[in-house]
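Participant: Let's see this in three dimensions:
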Amino acid sequence: MTKKCVRLGLFSVAFLLASSLAHAQVLVVPQVVDGGAWLTTIAITNTGATQTVVSLSFFQEIPGGGGATSSWSLAFVENVQAAAVVLPPGSTLFLHTPGTAANTTVGWGQINELDGSGVVVAYAIFTARGASLQNGTAPASAAVSRILVPFDNVGGAATSMAIVNTTSSSETINVGIRTSAGISQPSAITLPAQGHTSFDFPTKFGAAVAGLSGLAEFYSPSGSFSILALRFQSGAFTTAPVYSATGPPLIASSSSGGGGGAGNIIMAGFAIAKVVNGTGGSLPPDATTDLLGGQFASYTPAEWQLPFAAPTFGPCSVLDVTTPAGGKVPYGPDAFLDAGTISVTGQNLPPNFTLTKTPLSTGPFYSLPFTSAPTLAYGGIYTISSTGGPQVGPFSISATLPTSFTVTNWDAITSINRANGLTLNWTGNGFDTVIISITTSTLGGNNHSVTVACIVPAGPGTFAVPQQALATLLAVQSGSANSVGQLTVSAAVASPGGTGTAVSSTAQTLVPTLVGGGQVNYGSFTPSLVVLKTLSVQ
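Facilitator: Next up, the predicted model:
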């Protein structure tokens, strides 16, 4: 294997780490209301076998602001620290808003599962206090680009809904309505960044829905949003189900927006890392390599969802994929978008430093110039930015590398026995997440690979990979020409800090606008320190 191939292979590891963090679970509560006659209860459950931590953030509507919101320091009766709510394994926490204010405040919230393990579920309870106490419940869910809402305005009933733009840019949401009277397409709903609005169907859509029942479809060509629906009748209310959907719209306008095809998911995955090679490969032991780069990738809904269907074992997921000889990885993107020239500033980098834009048949790939010597500084702050390109608009975002990371039992791990567990211990500073990835592949003809990836909090300083997950790996021999096993451990910053036009307070930290309309759906610039080695898996 050539040095260039090794280098590209190492970068692929860093890019996958960025992708994993971009997939971290964020659950949206589309409506939160407190004060006046209302209060909200949020129930959060850890369905996993290990402790996890979530952060809570809330946004309140600005009266007369056209759907604009501001940060909401929502206090709960339970007096939790919203930035870090600890959930023991197999537990549920109920959080109650006070409901004591004279005036009603309306907004929305989100629950960010910090380790991205996907074991947290949640729902909201809405309580109206009047002549009689009324309650309605609605699940929290991930934001999507297409939602179906059944509605009923017959016999004195009326459907209402709340809709929230979960992204950091203004978003246009197309609407399609189908009733017994036919199909109509009302004016699209435009919401500002992190905007929120609520309305009842007869007032918003008029004759198209008055006295009728049917199905409403809401669709964003390239953004993401969340919806809550309520059904009112005779002074009582109940929450009504809404349904997330994939693929192109059936009723609403299907403009493709900013790129990649109608209904496609656009992800910005950029990583910066210092990588220390352990044993194996053509690099000597303890050789350090700097990595920096990434892509703006376009996925079909099926490609995007494939990793989410992978089986899980606690915070670990297993991805088993066979790629035909000369074919595309099933979960790989179809195209990459052009963001123009991407500049990099930071410690030890020369002035006017830019990433190399490598043209591929499906679009450009950005990376450090191949001749770059290791120069990135531990604890250094680095900024990537662009004034925009043919497909992606301007952005600027910063990330800080961790200051240190050591796997203390690294030298003792010389092979992996699938019948036993694997424990890793570490120390270091400047990171909040550790990612453990074990990849086994057989080469030649069809490429069969099985990857076990675990995303865990840094704080405990140790983690035992479950034996059930290890049992799914392929048996491979170190040094074999037709198989490979690689263990990668990364200290990463799960919520990159920084400033710039594309920075959001949500997990979507790198979501610039697209030239054709809309914006990147998910994205991050992930700083990490990485150690890796090739080894046998028995």
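Participant: Name the residues that touch stretch 203-216?
Facilitator: Stretch 203-216 has contacts (CB atoms under 8 Å, 6 or more residues apart in numbering) with 148-154, 175-181, 184, 186, 201-202, 251. C-beta: built from backbone N, CA, C; applies to glycine.
Participant: my guess is residue 332 meets residue 303, correct?
Facilitator: Yes. Between residue 332 and residue 303 there is a contact under CB atoms under 8 Å: 6.9 Å.
Participant: More neighbours: those two, which one.
Facilitator: Taking neighbours as other CB atoms under 10 Å, residue 332 and residue 303 compare with residue 303 leading, 19 against 14.
Participant: which one is the more buried one nearest to, not counting chain neighbours?
Facilitator: residue 331 (5.6 Å; CB to CB, 6 or more residues apart in numbering).
Participant: Repeat that for residue 366.
Facilitator: Closest to residue 366 by CB to CB, 6+ apart is residue 355, at 4.3 Å.
Participant: how about stretch 190-208: buried residues?
Facilitator: 191-198, 200-202, 204-205, 208 (16 or more other CB atoms under 10 Å).
Participant: one step back: can you name the residues that contact the residue nearest to residue 366?
Facilitator: 292, 293, 342, 343, 344, 366, 367, 368, 369, 384.
Participant: quick revisit: give me the buried entries from the contacts of stretch 203-216.
Facilitator: 148-149, 151-153, 175-177, 179, 184, 186, 201-202, 251.
Participant: Is residue 469 in a helix, a strand, or coil?
Facilitator: Following DSSP: H, G, I helix; E, B strand; the rest coil, we place residue 469 in the helix state.
Participant: What of residue 65?
Facilitator: Assignment for residue 65 (three-state DSSP): coil.
Participant: The residue lying closest to residue 381 once chain neighbours are set aside: neighbouring residues, count only.
Facilitator: Closest residue to residue 381 apart from its sequence neighbours, by CB to CB, 6+ apart: residue 400 at 5.0 Å. By the measure other CB under 10 Å, the count of residues near residue 400 is 18.
Participant: now the stretch 201-350 of the chain, which segments are flagged as low pLDDT?
Facilitator: 222, 247, 253-263, 278-286, 325-327 (pLDDT under 70).
Participant: could you pull out the helices for it?
Facilitator: Taking DSSP state H, counting those that start in this stretch to define them, one finds helices in the stretch 201-350 of the chain at 201-205, 301-305.
Participant: Would you mind putting these into CSV with distance to residue 520 alongside?
Facilitator: Converted to CSV, those look like this (distance: least, CB to CB, whole Å):
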stretch, distance to residue 520
helix 201-205, 29
helix 301-305, 13
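Participant: Any idea which of those helices gets closest to residue 64?
Facilitator: helix 201-205 (17.6 Å; CB to CB).
Participant: circling back to that earlier point, residue 407: which of the buried ones among the contacts of stretch 203-216 is nearest?
Facilitator: residue 148 (47.2 Å).
Participant: Pretty sure residue 124 sits against residue 135.
Facilitator: No. Using CB under 8 Å, residue 124 makes no contact with residue 135, being 10.6 Å away.
Participant: between these two, who's got more neighbours?
Facilitator: With neighbours defined as other CB under 10 Å, residue 124 and residue 135 compare such that residue 124 has more, 23 against 12.
Participant: Which positions are bridged to that one in the beta structure?
Facilitator: Applying DSSP bridges to residue 124 gives these bridge partners: residue 42, residue 138.
Participant: Would you mind measuring from the residue nearest to residue 28 when sequence neighbours are not counted to residue 58?
Facilitator: Of all residues not flanking residue 28 in the chain, residue 226 sits nearest, at 4.0 Å (CB to CB, 6+ apart). Noted for residue 226: a distance of 14 Å to residue 58, by CB to CB, to the nearest Å.
Participant: neighbour-wise, which of the two wins?
Facilitator: residue 226 (25 against 20).
Participant: What is the neighbour count of the residue lying closest to residue 463 once chain neighbours are set aside?
Facilitator: Of all residues not flanking residue 463 in the chain, residue 456 sits nearest, at 4.8 Å (CB to CB, 6+ apart). Residue 456: 23 surrounding residues under other CB under 10 Å.
Participant: do residue 128 as well
Facilitator: Neighbours around residue 128, by other CB under 10 Å: 17.
Participant: secondary structure element for it?
Facilitator: strand 120-129 (DSSP states H and E).
Participant: Could you list every helix and strand that that strand packs against?
Facilitator: If you count contacts as 3 or more CB pairs under 8 Å, 6 or more residues apart in numbering; DSSP states H and E, strand 120-129 packs onto strand 26-34, strand 38-46, strand 105-113, strand 133-139.
Participant: So which of those strands is nearest residue 374?
Facilitator: Going by CB to CB, the one of these nearest residue 374 is strand 105-113, 33.2 Å.
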